[in-house]
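Participant: Sequence and predicted model, in that order:
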Amino acid sequence: MSTTATTAQASTAFDVKGGPALLSAATITGDEVCNLDDEELGTIRDIMLDLQTGKIRYVVVSSGGILGLGERLFAVPWNAFKQDKENKRFILDVDVERLKGAPGFDKDNWPNMADATWNSTVESYYETKSEAPRATRL
């Protein structure tokens with residue numbers, strides 16, 4: 001299958017009536033992340049896969065900064081998100097101030113996401129467990 005065909009299929013994933021069963025990482029990278037109050041929290045910058053389970057473990061959300069300067073990154077457990085199909089974005093039930101206080105990092109100093117203590121801290125902060133189901137549609 002050509003790259004053009006793959007991109008075309010991925011870009012229409014939100015148009016499926018029952019909700020998408022699969023999305024490419026490229027399709028959601030750059031998507032807006034908002035909270036339940038419709039405040040913009042940031043954008044999806046990357047996706048971290050658990051190589052043992054083959055599932056998405058974290059979504060890296062970029063917040064703040066201008067043109068990448070002063071930007072802060074947050075690894076948020078995948079199961080903390082809900083998909084807003086209508087607006088082609090993701091919802092994270094966290095207010096702006098809580099996100100600012102979340103365990104974060106900068107683009108040049110990523111944490112060891114395989115570290116059990118780090119995982120526990122992040123999952124506790126967002127009140128999630130890694131065994132929970134993937135993001136659901138709103």
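Facilitator: That came in fine, so what should we check first?
Participant: Only C-alpha atoms from now on, for both contacts and neighbour counts.
Facilitator: Noted.
Participant: for the helix or strand harbouring residue 90, packing partners?
Facilitator: Using DSSP states H and E, residue 90 maps to strand 89-92. Contact partners of strand 89-92 among helices and strands, from 3 or more C-alpha pairs under 8 Å, 6 or more residues apart in numbering; DSSP states H and E: strand 32-34, strand 81-84.
Participant: buried set for the helix or strand following it?
Facilitator: Sequence order places helix 96-100 as the next helix or strand after strand 89-92, per DSSP H and E. The neighbour-count check on helix 96-100 (16 or more other C-alpha atoms under 10 Å) flags residue 99 as buried.
Participant: Taking the centroid of this protein, which residue is nearest it?
Facilitator: The residue lying closest to the centre of the chain (C-alpha atoms, centre = their mean) is residue 59, at 3.2 Å.
Participant: mind checking how far the strand holding residue 90 is from the chain centre?
Facilitator: 8 Å (C-alpha atoms, centre = their mean, to the nearest Å).
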